[in-house]
Structures are given as C-alpha cells and as structure tokens.
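In: need a 3D model of the sequence below.
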Amino acid sequence: MRFLTLCLLCFSLNSANAEGLKIVAFGDSTTAYRGTIKQVYSDRLPALLKEIDIDATVINAGVGGSNTGNQGKHALARIGTIRKHQADWVVVQFGINDCWVDSGKPDGPSRISVDDFRENLVEIIHTLRHDGSRVILMTPNQLRSEVPAWRKERFRQYVAVVRDVAHDWRVPLADIWQAYADLPTKERDALLLDGAHPGDAGQTLVAKKIVEILKPRLQAYVPANKAAESKKVSKGYSIPVIDLNDDTERQVIVDREEGQYLGHPTTVLLEDGHTMITVYPKGHGRGPIVMKRSDDGGKTWSERLPVPENWSTSKEVPTIYRVYDAADKKRLIMFSGLYPIRMAVSEDDGANWTPIEPIGDYGGIVAMGCLFPIKTGPGHYMTLFHDDGRFFTKDGQKSPAFKLFKTISTDGGLTWGKPEVIYESADVHLCEPGVVRSPDGRQLAVLLRENRRVKNSHVIFSDDEGTTWTAPRETTASLTGDRHTAVSSVDGRLFISFRDLTLESSTKGDWVAWVGRYEDIVHAREGQYRVRLKDNHKGADCAYPGVEMLPSGEIVTTTYGHWMPKQAPFILSVRLTFEELDKLANTK
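Out: So this is what the prediction gives:
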C-alpha cells in the first residue's frame, strides 16, 4: 500500500487551520467601522472566540449606505471582493438601506423591492457557498422608538424576508431584530447611537449572538490526523432502520421504458429552488445520455429533452454540477468517463449544451465522482475520481491496485489540471468518492466505496482544502456502501444516500440512506438511523443517487434500480423530510 500525499505530520505545518478561522463581516453601516464607538462587532469577535480556544481573523466589509443591489458600493457589486477573502464564514447583514423610502412617504417605493431583496440574498448565499464559505444571515437591529411607525412596519417586511431565506436555504440565523424586541423599549433604545446604528452595547450583543451560532460548530472540529486514527468497527450495525419501500406516495417515476435499462442518474438543483435537471445513460453506465428537467422540485418531469448528437457516444455514467467562475458567471458542466474523460458545458441553465469534449489526455471511472469548491480562490474546484489502470491512459491495462485521483480547476470548471494520485492500494480497492464538508467549513471528509468487499467503506480527511489527505480508515458498517451522496440540514444533520453493501445487513443490495452528524463520521459512531428507500430486486444493481434539498426542507433523492421483479431498471425519486423521518423513527 502506498500513501502518495504528504505525511500526516505535515498537517500541523500546512493545515489551513494553523492560520485560524477566517470570518468576513459583510454588511452596511451597522457593520462598518464607526469613529463614535470603541469596537464594532467584527473587532469583538476574535476575543470572544479566543475564550473558547478558537483563533480567528475577522475582516470588516461593512460599507455605509450599502444595500443588496448590484451597482457601485452595494452588495452584489462587491461580492467579488468578498469571494477573494476565501472566508470560512461570512456574516451577511443587510436590510436597512434596502427597505428605506427616500421620498419619506408611507406609500413610497423602497430602494430595493421586497422581491428583489429576497432574490439578492439568495444569490449572495449561493455565490458564497460555491466558494466553500459558510454563511450566517443576520436580521438588522430594530430602529429607535421615535422612528415613525410606518418605517418600522416597512422594515419588518424585510426582516421577515431574511428569516424566510435563512429557513429556506438552511442558513444559520442571528436574529438581532428579535434580540432587540425581547428588551424593554428603554433598554432597546440604549443600544443605539441614533435612530439605526448600534453603539458599543449593541455591537457586543451582535458579537455574542454570532458566537452562539459558531460555538457548537467550531468545537466539534477534530484535526484530520486525529479523525483518521483507526477506530474499532464491526461488520454490522445496531441503529434502527426505517422502511419506506411501500410508501408509494413518496415515490415519483422520473423515466421508464419497457425493456430498456435506464441507470445511474445524477441531479442538480438550480438557484430558484425548484428547477432540477437530471442526466442518466440508456444502459449500465455506457449508453446515450438522457436529460430531463423538472420545474416543480421533482414532482413532475419533462419528456426527454434534445441534447447534442455526440452525447450518444458516452461510455460511462454522466455527472452534472453547477459551477461559478471568478467573475460570478454561472455554468452547468457534465462529465462522461472512461478514456478520455469528456465534458459538456451549458451557459443558460441547461437549455443549450456543447458536445462532450475531452478535458485532457486521461480517463477514469465514474468521472467526476464528486466535485466541490476549494477555498484557494474564487472559481476554484476540485474533483475526485478513480481508476484501476484500464482507462487512465489510452492503452491502459488493469492493475491489482486502485488509484484515487484529484484534479483542480481555477477557472470555474472550464479547464482542469493534470490529475494527481492521492491514494493507491491493492489491499483495499477504494473508489467512487463522495465529499462532505464539516459544519465549521474547515475540513473535508470523503467517503469511499471498498470494492474488494472485504472491509467496510473508508473515509479520508483534509484540513487544507485537499492539498493533503489522511490515510484512509474504515467507517462504521452503518455507512458502508457505494456512491455516497449527502445533503445537510440547518441543525447540522446529514442525509447520505447510497447503495447498501454492508457486510452484514438486512437491506444489503438495496437503496438506503444514513442520517447522522458529521461528528459521527469523525468519531466512528453509527449515527441516528438508517432508511431503506427502495427494495432492489436484482443483486446490488441500483442506487447511484442524486440528492437535493428544496427550500421547504424536503429532500428529493433520485436513482435507478430494479424496482419491479424481472423488469428493466428505471429512474425513481423519493421525497421526504428530516422531520418525517424523526417521527417514523420515534414510532418504532
């Protein structure tokens, strides 16, 4: 066995965490520096975080008079500068200047309409997340009591939008408005310098609220070399299993064709929160690529859509992703594997696509198995994939060892660098990587299929945005399977969908999911419970899943399988929420 990145001792020297947490305070004049107070909240955060043993650098990006608009000093016009900081966390607070009515008349227009304010906040969140940053939304503080009631009522509409967006897009919320509301009027007014701007006491309140949000997420962090230490694991699991196989009301048939094998879908959810696109092959990996679109969050699906002619030459499972470049240009990209790895691009949310074209003189299996932003620059992404010697080169030969590769894009996914081997072994065959970022944003964990079927799945960790990786270790049996794909809830729990290949399991070969926390992965704990999503009727031929979470909190997970005995596999979605699963778990 050969570990091909830097040794584990390098983590103490090279880790991004050696520099501490990086936070950006992004907002208007209530965030910006003010000469009339001792410290704004961004200045107070490092000392408060130090009290819980967290070193942090906080960058103040508050600008007086700024709203969420896209011109001049306003938020969307400044988002490129914010992205360059490559922050672990960005605290976003806007609203006062958005809602302000310059005419001074109760029926006058606000500077930014409520609908545009909502859209702008959502765009800010998505843009920052695509750089790997975590976001905290913050409601503005209340206005002083003497401010006219009609202005306060207008303001409340914008506060409600901040709360709604935080809920819809699973963003932690620092509800400063409510913190003010909980105080008597005299005490509330005392927090303000004037009609709108917090003084020292108000800034302290804000800083403490942010620490309340960060504390549980930051203290859960375990350095990668510690997380990678071997843990005692078993071949089976003891957590409950919720069986949704017969709950047909949750199921939506995406595509089915009599006698035709339809397999291996991946999905992408667009920023509007309801448009989904799926791609999949007509065949077991190899076969013409089919594309469908849903405009209602996966409840109904289009007919098969026109695609470029050469998509019919695809040799393997297609994978689709949303990417942003440094100029905030959004694209969809789709990969098709084996030799050579090819890619198609759409610049209009999937309406039109390029043919699939080689990205380099190399190939791989399930390309690209996972793609994720790395905090080395705006528009920087890393992908991971594997090969067994057959497809990396044109005339490759099968090798006893499996190799796990990484490759990096620094231009928003348009071009990709030379692949590097990050792990190679003939003892365990690790493949089909699925990435999860830690709740504090500082660590990457990659779950891996073990293809020799002699051990559990494995996991590797990185504290430096994938520059180095730990040696792999086994996961618990409850996470053992193929093609792990995850989404997270605002409470920090994970829903990870995969094919069950646990060595000892009553649902072996079926489509399942695991619910638990990132810390469960780190500490090799079994998690909260498992879910059987669908019974597969032919071996283990199922469950290369797409997983999306809608603004409502509903999870839509989509995959293929032999869902009917002696019939060709077809594409099926299952819809559920964490709350529904919790209720079912409690009734068992």
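In: state the mean pLDDT of stretch 29-43.
Out: Averaging pLDDT along stretch 29-43 gives 94.
In: buried sites along that stretch?
Out: By neighbour count on 16 or more other C-beta atoms under 10 Å, the buried set for stretch 29-43 is 29-32, 34, 37, 40-43. For every residue, glycine as well, the C-beta is placed using N, CA and C.
In: CA atoms only for that stretch - export them in CSV, please.
Out: Output of stretch 29-43 as CSV, limited to C-alpha atoms (Å, rounded to 0.1, in the frame of the first residue of the first chain):
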residue,chain,number,x,y,z
SER,A,29,-23.2,51.0,8.1
THR,A,30,-24.4,48.9,11.1
THR,A,31,-21.5,46.6,10.3
ALA,A,32,-18.9,49.2,9.1
TYR,A,33,-16.3,50.8,11.4
ARG,A,34,-17.6,53.9,13.2
GLY,A,35,-15.4,56.5,15.0
THR,A,36,-18.0,57.1,17.6
ILE,A,37,-17.8,53.7,19.3
LYS,A,38,-14.9,51.7,20.7
GLN,A,39,-15.3,48.5,18.7
VAL,A,40,-17.7,47.2,16.1
TYR,A,41,-18.8,43.6,16.4
SER,A,42,-16.1,42.4,14.0
ASP,A,43,-13.5,43.7,16.4
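In: low-confidence regions, the stretch 1-150 of the chain specifically.
Out: 1-19 (pLDDT under 70).
In: so which residues of it form strands?
Out: Per DSSP state E, counting those that start in this stretch, the stretch 1-150 of the chain carries strands over the ranges 21-27, 56-62, 89-93, 134-138.
In: I'd like those strands as a markdown table, with distance to T415 and mean neighbour count appended.
Out: Converted to a markdown table, the strands of the stretch 1-150 of the chain look like this (distance: least, C-beta to C-beta, whole Å; neighbours: other C-beta atoms under 10 Å):
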| stretch | distance to T415 | mean neighbour count |
| --- | --- | --- |
| strand 21-27 | 27 | 25 |
| strand 56-62 | 30 | 19 |
| strand 89-93 | 27 | 26 |
| strand 134-138 | 28 | 24 |
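In: closest one to A228 among those strands?
Out: Closest to A228 of the strands of the stretch 1-150 of the chain is strand 21-27 (C-beta to C-beta; 21.4 Å).
In: so which elements touch the closest one?
Out: For strand 21-27, the packing partners by 3 or more C-beta pairs under 8 Å, 6 or more residues apart in numbering; DSSP states H and E come out as helix 41-50, strand 56-62, helix 75-84, strand 89-93.
In: now tell me what touches it from outside.
Out: 31, 40-42, 45, 49, 54-63, 66, 75, 78, 82, 85-94, 124, 133, 138, 218, 440, 442 (C-beta atoms under 8 Å, 6 or more residues apart in numbering).
In: one step back: what's the closest of the buried residues of stretch 29-43 to P433?
Out: Comparing the buried residues of stretch 29-43 against P433 with C-beta to C-beta picks out S42 as the nearest, at 36.6 Å.
In: quick check, the closest one in contact with I59.
Out: Yes - between S42 and I59 there is a contact under C-beta atoms under 8 Å: 7.4 Å.
In: okay, the helices and strands packed on strand 21-27 in TSV with distance to V459 next?
Out: As requested, the helices and strands packed on strand 21-27 are exported to TSV (distance: least, C-beta to C-beta, whole Å):
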stretch	distance to V459
helix 41-50	28
strand 56-62	27
helix 75-84	29
strand 89-93	24
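In: next, count neighbours for D246.
Out: 9 (other C-beta atoms under 10 Å).
In: how close does I555 sit to P545?
Out: Here the criterion is C-beta to C-beta, to the nearest Å. By it, I555 lies 11 Å from P545.
In: which of those two has more neighbours?
Out: The residue with more neighbours, out of I555 and P545, is P545; 28 against 22, by other C-beta under 10 Å.
In: give me the distance between that one and R499.
Out: Distance, P545 to R499, using C-beta to C-beta: 8 Å.
In: what's the overlap in contacts for these two?
Out: By C-beta under 8 Å, 6+ apart, the residues touching both P545 and R499 are 483, 511.
In: quick one: which of the helices and strands packed on strand 21-27 is nearest R293?
Out: Among the helices and strands packed on strand 21-27, helix 75-84 comes nearest to R293, with 26.9 Å by C-beta to C-beta.
In: output the contacting helices and strands for the helix or strand where K403 lies.
Out: Assigning secondary structure by DSSP states H and E places K403 in strand 402-409. When contacts are defined as 3+ C-beta pairs under 8 Å, 6+ apart, strand 402-409 sits against strand 381-387, strand 420-425, strand 430-437.
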